[in-house]
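Undergrad: Got a predicted structure here, sequence first:
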Amino acid sequence: MILIGIGANLPSPRHGPPRATCGAALESLSNAGLTIAARSRWYKSAPVPVSDQPWFVNAVAQVKTAMAPEALMGLLLNTEEALGRSRTEPNAPRTVDLDLLAYGEATLPPEGGAKGALGLIVPHPRMFERAFVLLPLRDIAPNWHHPVLGFGMDEMIANLPEGQRFEPMMDAGGVFGTEWRDKTAPQSPVDEID
């Protein structure tokens with residue numbers, strides 16, 4: 001199971017509110033050849049680590065692709081850039097954030113191996129500490145187990161650090177339950193997921 005985290009906490013000049021930009025990101029990934037097999041509901045979550053920046057919109061998607069993990073990560077980074085992400089400093093506010101959370105049972109870098117060119121670490125090294133990842137992930141894969149730690153969803157959620165604030169959101173219209181819709185694009189099969 002290939003899992004991608006999606007998030008944003010700044011509006012995009014092109015797409016509008018953060019959840020709309022997240023919808024544009026999913027549509028862009030689909031147009032690039034990924035199959036979006038499932039998407040969690042959307043959540044609003046306070047920034048981690050705690051700060052005074054706006055709350056995030058987060059979800060997790062299960063995708064299907066023949067791309068290798070490094071190529072998939074490259075696509076995620078290119079999609080972020082195309083949607084206006086500007087990397088300034090760690091944990092800064094952002095118009096969109098796409099993370100490769102897990103790639104089946106793969107662990108990268110392999111034990112004792114060096115990081116690749118993108119510094120890719122799979123599964124994502126902090127996913128088990130973050131409510132904004134685990135709660136959406138439970139929506140689409142309640143029986144998923146961390147391939148390194150061996151923990152199941154309930155165990156990881158029970159061990160989350162205290163004080164993480166979040167709330168589920170109602171889906172909106174448009175692709176993947178977001179406000180965004182490219183009015184010029186032809187309708188695609190992904191619309192049926194809503």
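TA: Looks like it arrived, so ask away.

Undergrad: Make sure residue 169 is actually in contact with residue 45.
TA: No. The criterion here is Cβ atoms under 8 Å, and residue 169 misses it with residue 45 at 10.1 Å. C-beta coordinates here come from the backbone N, C-alpha and C atoms, glycine included.

Undergrad: Which one's more surrounded, these two?
TA: residue 45 (21 against 15; other Cβ atoms under 10 Å).

Undergrad: isn't that one right up against residue 53?
TA: No. With contact defined as Cβ under 8 Å, residue 45 does not reach residue 53; the gap is 11.7 Å.

Undergrad: So for the top strand by length along the chain, what gets flagged as buried?
TA: When the chain is scanned for its longest strand (criterion: DSSP state E), the result is strand 56-64. Residues of strand 56-64 classed as buried by neighbour count (16 or more other Cβ atoms under 10 Å): 56-63.

Undergrad: now, among those, which is nearest to residue 92?
TA: Residue 92 lies nearest to residue 56 out of the buried residues of strand 56-64, by Cβ to Cβ, at 12.1 Å.

Undergrad: give me the beta-bridge partners of the closest one?
TA: Going by DSSP bridges, residue 56 is paired in beta bridges with residue 45.

Undergrad: so what pLDDT did it get?
TA: For residue 56, the pLDDT comes out at 95.

Undergrad: With residue 23 instead?
TA: For residue 23, the pLDDT comes out at 93.

Undergrad: Helix or strand: which one has it?
TA: helix 18-31 (DSSP states H and E).

Undergrad: and the angle for that helix with strand 56-64?
TA: In terms of direction (axes from the mean of the first three to the mean of the last three Cα atoms, to 10 degrees), helix 18-31 departs from strand 56-64 by 20 degrees.

Undergrad: Can I get the very next helix or strand once past helix 18-31 in PDB, CA atoms only?
TA: Using DSSP H and E, the next helix or strand after helix 18-31 towards the C-terminus is strand 35-39. The C-alpha trace of strand 35-39 is given here as PDB (Å, rounded to 0.1, in the frame of the first residue of the first chain):
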ATOM      1  CA  THR A  35      -4.400   6.100  -9.400                       C
ATOM      2  CA  ILE A  36      -6.000   7.700  -6.400                       C
ATOM      3  CA  ALA A  37      -7.400   4.500  -4.800                       C
ATOM      4  CA  ALA A  38      -8.800   6.000  -1.600                       C
ATOM      5  CA  ARG A  39      -8.800   9.300   0.200                       C
END
